[in-house]
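> this is the structure alone, sequence omitted:
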């Protein structure tokens, strides 16, 4: 990772980053493209960022060095060598094509609670609707609400979200996290299957949602969310499972496969 300060901005030099591939692929729901197509604006909890650029040079606007090193460096997973991951994956012909097609894809290391909320709202929903629900939630509170704040809500008091049956799910998630019945920090340390099972104690959280929370919110890279696109890829290319070169980073391999299968037309 190489960066420099430039006035009130941070200039980031990173060849393994493509903003549209990373921020507009469905792993996070609080990013929107700028009107001029130069980049994206978005949020991490209550932190706002505008990031622009391409071809390995990016500008994080109005960002202090301390915020870059303390927040955005981790969020964009800048300490991981994605060139090396792509080299390892390229031992497999299908993954090699996926990596070449989606060479700027990165895992976003989101906040665990924000990711849990986002993916509870994602149940049988569209990306647009998820974004609008989260936007209404943030605007109502004026910040991203804590588990304790949401635990005090009711289905009626959350009617402004227009999230339907998911209201009871988000309240249950908030109560279980606020009361310590589900500890997001503990989920970072538990064996993968145990962490998955603990998340699925929350109403509305099944295998896919639990894997999304573990991967995108808790950086459990072995988590492997399976939606219709990944199910199609696994059936067609990997009926016996992913190749050994992905062991321990199956979730990152999933990002490359998902984007390739969804957008390449193969």
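Perfect, I can see it now. Since the structure is predicted, the reported quantities are computational estimates derived from the model, not experimental observations.

> quick one: low-confidence parts of the stretch 151-266 of the chain?
Applying pLDDT under 70 to the stretch 151-266 of the chain flags the ranges 265.

> all helices of it, in order?
166-178, 184-189, 192-199, 207-212, 228-237, 250-263 (DSSP state H, counting those that start in this stretch).

> and the angle from the longest one to helix 228-237?
Computed with axes from the mean of the first three to the mean of the last three Cα atoms, to 10 degrees, the direction of helix 250-263 lies at 90 degrees from that of helix 228-237.

> give me the buried positions along helix 250-263.
250-262 (16 or more other Cβ atoms under 10 Å). All C-beta atoms are positioned from the backbone trio N, CA, C, and that covers glycine.

> dump those residues to a markdown table, plus distance to residue 1.
Below are the buried residues of helix 250-263 laid out as a markdown table (distance: Cβ to Cβ, whole Å):
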| residue | distance to residue 1 |
| --- | --- |
| 250 | 24 |
| 251 | 21 |
| 252 | 17 |
| 253 | 22 |
| 254 | 24 |
| 255 | 19 |
| 256 | 21 |
| 257 | 25 |
| 258 | 25 |
| 259 | 23 |
| 260 | 26 |
| 261 | 29 |
| 262 | 28 |
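
> now, which of the residues you listed sits nearest residue 48?
residue 255 (24.5 Å; Cβ to Cβ).

> wouldn't the closest one be in contact with residue 27 here?
Yes: proximity of residue 255 to residue 27 meets the contact threshold set by Cβ atoms under 8 Å, at 7.2 Å.

> which neighbours do the two share?
With contacts taken as Cβ atoms under 8 Å, 6 or more residues apart in numbering, the residues that reach both residue 255 and residue 27 are residue 107.

> do a quick rundown of the strands in the protein.
2-6, 9-13, 31-33, 39-44, 47-54, 57-61 (DSSP state E).

> residue 19: which of these is closest?
Per Cβ to Cβ, nearest to residue 19 of the strands of the chain: strand 39-44, 5.5 Å.

> average pLDDT for that closest one?
Averaged over strand 39-44, pLDDT sits at 97.

> still on that earlier bit, and the two most separated of the buried residues of helix 250-263?
Of all pairs drawn from the buried residues of helix 250-263, the one with the longest distance (Cβ to Cβ) is 250 and 262, at 17.8 Å.

> still on that earlier bit, out of the strands of the chain, which is closest to residue 198?
When these are compared (using Cβ to Cβ), the closest one is strand 39-44, at 24.3 Å.

> quick one: buried residues of the closest one?
Here strand 39-44 shows 39-44 as buried, counting by 16+ other Cβ under 10 Å.
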